[in-house]
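Engineer: for reference, the sequence and a predicted model appear below.
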Amino acid sequence: MFIFNVLPPRDAFFETVWYLISNYQTFFLTGIFYTLMLSIIGTGGGFMIAFFFTIVRTRKIDRLRQSTITILLTKLSQGLINVYITIFRGTPMMVQAMIFYYGVSRLQLSFWTPIVAGFVVVILNTTAYISEVLRSGINGVDQGQLEASRSLGFSHGQSMRLVILPQAIRQSLPAIGNEFIINLKDTSVLSVIGVTEIFRATQLATSPNYRTTEGFFIAAILYLMMTLIASLFVNRFEQSSQRKEAMV
Amino acid sequence: MRKIVTLIILLTAIFTVSACSTDSGFDITSETEIVVGLEAAYAPFNWATPTENSFTVPIANQSGFYTDGFDVVMAQEIADALGLTLVIRAIEWDGLIPALLAGEIDLIIAGMSPTSERAQTVAFSDPYFQSEQVMVVRNDGDFANATSLNDFEGARIVAQLGTLQDDLIDQIPGVNHLDAVNDYATLVTSLLNNASDGFVAELPVAMGIVAANPSLSYITFADGDGFSVSAEDVTVSVALRQEDTALLSAINEALTAISTETRNGYMEAALSRQPQ
């Protein structure tokens, strides 16, 4: 394998690409690592929080049987969740990253680094989107199932967790997989606060040699490989869950 | 009900944000390390590299990354003079002053000019480098033979976002002032791909760019033909928090000990280490 130690001439596109890969592979590998971690933990964490949000959001108010305090608490938590979802779906992740990172930095917490802020922002953002995905998934499950499980003595939480959500999640899987693919690409906006994911790693690798086009050509291929592999997994997953459904 | 909830959340958010105050004095006698912030993307002042050499300092917030350049050498000199361990953090240009105010870093040594606008927010040391403002153009472009600002009438000129250079563009009569971009690599790409006719840069930066890109050259202006700049605009200084007055005088003292010849020597050495 030939390694370029000297920067190839400007018009030698592929030599320059190879120069960047061989000289800055630690940069690109770091970028891939953080992009993957942010997307996996962001989507996973967002899914888990969205799961609990959905249970709370679908809770019904029964003025005859519930105490005033229970009704008030339910309404308050549902209101908070709705405001949260509206804010996070209605503002760009880049803006959220700037506000969270610099806003919380003022508290001078030693653990509050760009990468920590990055994880928090991706999780919070994904929670809002997956909450909406799960809600539409629940709309696809027959209302009668909730009524039936309630009349069998399940609490609201139990019937959501054990009966409704497993079906809703199965229907929502393609959309959740899409959210993961979107996260793979959209974490690039975290470069604005200095998270060394693929985008910023590429900026750093091209900064002393000014070979932007070649550098971002590599970045594009890296992103494309990651999203292709991810969509392959999502499709496989979807098919196997459809087969399970057919067996039921 | 929903409106009240919204209001409560908004108020809590506003109070949380506004209640946070910053109080982070730097005590030279008790601190053991000094944290310097730079972009690591502004060669030859500072750039990132995966390989270590005797001039590089590891980037503290990114393992496996090192930074090299004129700023790094100067930061090391200052840290040595103060008897402190040098720690360098790489931060986006727009994030440098917020990070300084938030106490994440103690100094900015990033080729930053001490403009009066910035001086309202941060304190600046004496200049540690003085340079000329030049125009980088394509050799085969329409403006390769320009000698004064007047020759750039109608030219598409660009600069880095939030820099002195971006403000200077408006001094060119009849210029087409393009939207500023984020870093110098993008400026070079825009010029090479004919998306612009030139960009404004400091002389050492332009020298590094031209050395790496033989199809580009830079134009220096004779007195009166170039940009009119105030003395503090063509120099670069160390930025620090306004309350750190003891640190400021210690840094100025350290800078006095480094002669102009030594500094220019550091700059030439940095230019030769830049990959090209």
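Structural biologist: Yep, that arrived. Numbers count the residues shown, from 1 in each chain, chains lettered A, B, ... in the order given.
Engineer: please list the residues of chain A that sit near chain B.
Structural biologist: Applying CB under 8 Å from any CB of the partner chain, we find that chain A lies next to chain B at A:7, A:10, A:23-27, A:30, A:75-76, A:79-80, A:82-83, A:102-103, A:105-108, A:113-114, A:191-194, A:196, A:203-213, A:215. Any C-beta I mention is one placed from the backbone N, CA and C, and that applies to glycine too.
Engineer: let's see which of these end up in helices.
Structural biologist: Mapping the residues of chain A next to chain B onto helices (DSSP state H) picks out A:23, A:25-27, A:30, A:75-76, A:79-80, A:82-83, A:102-103, A:105, A:114, A:203-206, A:212-213, A:215.
Engineer: tell me the confidence at the closest residue in space to residue B:39 that isn't next to it in sequence?
Structural biologist: Nearest residue to residue B:39, sequence neighbours excluded (CB to CB, 6 or more residues apart in numbering or on different chains): residue B:93, at 5.2 Å. Here the pLDDT value assigned to residue B:93 is 89.
Engineer: now the helices for chain A?
Structural biologist: A:13-23, A:25-57, A:68-90, A:93-105, A:114-139, A:143-151, A:156-159, A:165-186, A:198-206, A:212-247.
Engineer: do the same with chain B
Structural biologist: B:2-19, B:70-82, B:96-101, B:116-119, B:164-168, B:184-192, B:203-212, B:245-256, B:260-273.
Engineer: circling back: restrict the residues of chain A next to chain B to the buried ones and give me that as a PyMOL selection.
Structural biologist: Applying 16 or more other CB atoms under 10 Å in any protein chain shown to these leaves a buried subset, and the PyMOL line that selects it is:
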select buried, chain A and resi 7+10+23+24+26+27+30+79+80+82+83+102+103+105+106+113+114+191+192+193+194+196+203+204+205+206+207+208+209+210+211+212+215
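Engineer: got the angle for the lengthiest strand in chain B vs helix B:203-212?
Structural biologist: For chain B, the strand that runs over the most residues, judged by DSSP state E, is strand B:123-130. Counting by axes from the mean of the first three to the mean of the last three CA atoms, to 10 degrees, strand B:123-130 lies at 50 degrees to helix B:203-212.
Engineer: strand B:123-130 pairs with which strands?
Structural biologist: strand B:235-240 (antiparallel) (DSSP bridges).
Engineer: what angle sits between the partner strand and helix B:245-256?
Structural biologist: Put simply, strand B:235-240 runs at 150 degrees to helix B:245-256, going by the same axes, to 10 degrees.
Engineer: neighbours around residue A:153, how many?
Structural biologist: 8 (other CB atoms under 10 Å in any protein chain shown).
Engineer: tell me, what's the model's pLDDT at it?
Structural biologist: 92.
Engineer: ok, now residue A:170?
Structural biologist: What the model reports as pLDDT for residue A:170 is 87.
Engineer: my read: it touches residue A:241, true?
Structural biologist: Yes. Counting by CB atoms under 8 Å, residue A:170 does reach residue A:241; the two are 5.3 Å apart.
Engineer: contact residues of the stretch 51-200 of chain B facing chain A?
Structural biologist: For the stretch 51-200 of chain B, the contact set with chain A under CB under 8 Å from any CB comprises B:61-62, B:64-65, B:90-92, B:95, B:98-99, B:102-104, B:183-186, B:188-189, B:192-193.
Engineer: now which of those would you call buried?
Structural biologist: B:61-62, B:65, B:90-92, B:95, B:98-99, B:102-104, B:183-186, B:188-189, B:192.
Engineer: mean pLDDT lowest where, among the helices of chain B?
Structural biologist: Among the helices of chain B, helix B:2-19 scores lowest, with a mean of 58.
Engineer: ok, back up a step: the residue nearest to residue B:39 reaches residue B:166, doesn't it?
Structural biologist: No. Here residue B:93 lies out of contact with residue B:166, judged by CB under 8 Å, at a distance of 11.7 Å.
Engineer: what is in contact with these two at once?
Structural biologist: Common neighbours of residue B:93 and residue B:166, using CB atoms under 8 Å, 6 or more residues apart in numbering or on different chains, are residue B:160.
Engineer: list the contacts of residue A:133.
Structural biologist: Neighbour list for residue A:133: A:50, A:172, A:175, A:176, A:179 [criterion: CB under 8 Å, 6+ apart].
Engineer: quick one: residue B:32 from chain A, how far?
Structural biologist: Residue B:32 sits 16 Å away from chain A, going by CB to the nearest CB, to the nearest Å.
Engineer: and for residue B:226?
Structural biologist: The value you get for residue B:226 to chain A, if CB to the nearest CB is used, is 24 Å.
Engineer: that residue: neighbour count?
Structural biologist: With other CB under 10 Å as criterion, residue B:226 counts 19.
Engineer: that one is in contact with residue B:149, isn't it?
Structural biologist: Yes. Residue B:226 lies in contact with residue B:149 (CB under 8 Å); the separation is 6.4 Å.
Engineer: related to what we said a few turns ago, can you show me the CA trace of the longest strand of chain B as CSV?
Structural biologist: Output of strand B:123-130 as CSV, limited to C-alpha atoms (Å, rounded to 0.1, in the frame of the first residue of the first chain):
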residue,chain,number,x,y,z
ALA,B,123,-9.8,41.8,27.8
PHE,B,124,-6.9,41.7,25.4
SER,B,125,-3.1,41.4,26.1
ASP,B,126,-0.5,43.4,24.2
PRO,B,127,-0.2,42.2,20.6
TYR,B,128,1.8,39.0,20.1
PHE,B,129,1.9,39.3,16.3
GLN,B,130,1.4,42.1,13.7
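Engineer: now the most centrally placed residue in chain A: closest residue in space that isn't a chain neighbour?
Structural biologist: Closest residue to the average C-alpha location of chain A: residue A:43 at 3.5 Å, with CA atoms, centre = their mean. The spatial neighbour of residue A:43 that comes closest, neighbours along the chain excluded (CB to CB, 6+ apart), is residue A:180 at 4.4 Å.
Engineer: show me what contacts that neighbour?
Structural biologist: Residue A:180 makes contact with A:39, A:40, A:43, A:230, A:234, according to CB under 8 Å, 6+ apart.
Engineer: pLDDT at the closest residue to the second one other than its chain neighbours, what is it?
Structural biologist: Taking CB to CB, 6+ apart as the measure, residue A:40 lies nearest to residue A:180, with 7.7 Å between them; neighbours along the chain are not counted. We have a pLDDT of 96 for residue A:180.
Engineer: residue A:180 and residue B:56, how far apart?
Structural biologist: Distance of residue A:180 to residue B:56, computed by CB to CB, to the nearest Å: 37 Å.
Engineer: can you check residue A:26 too?
Structural biologist: 13 Å.
Engineer: do the same with residue B:217
Structural biologist: Distance from residue B:217 to residue B:56, by CB to CB: 30 Å.
Engineer: got the CA positions of stretch A:110-119 in PDB?
Structural biologist: Taking Å, rounded to 0.1, in the frame of the first residue of the first chain, the C-alpha atoms of stretch A:110-119 are listed here in PDB:
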ATOM      1  CA  SER A 110     -17.200  19.900  34.800                       C
ATOM      2  CA  PHE A 111     -18.900  17.000  32.900                       C
ATOM      3  CA  TRP A 112     -20.700  19.300  30.500                       C
ATOM      4  CA  THR A 113     -18.600  18.900  27.400                       C
ATOM      5  CA  PRO A 114     -19.700  19.200  23.700                       C
ATOM      6  CA  ILE A 115     -20.000  15.500  23.400                       C
ATOM      7  CA  VAL A 116     -22.200  15.200  26.500                       C
ATOM      8  CA  ALA A 117     -24.300  18.100  25.300                       C
ATOM      9  CA  GLY A 118     -24.500  16.300  21.900                       C
ATOM     10  CA  PHE A 119     -25.800  13.100  23.400                       C
END
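Engineer: what mean pLDDT does it have?
Structural biologist: Across stretch A:110-119, pLDDT averages out at 89.
Engineer: go through it and flag the buried ones.
Structural biologist: Buried residues in stretch A:110-119 (16+ other CB under 10 Å): A:112, A:113, A:114, A:115, A:117, A:118, A:119.
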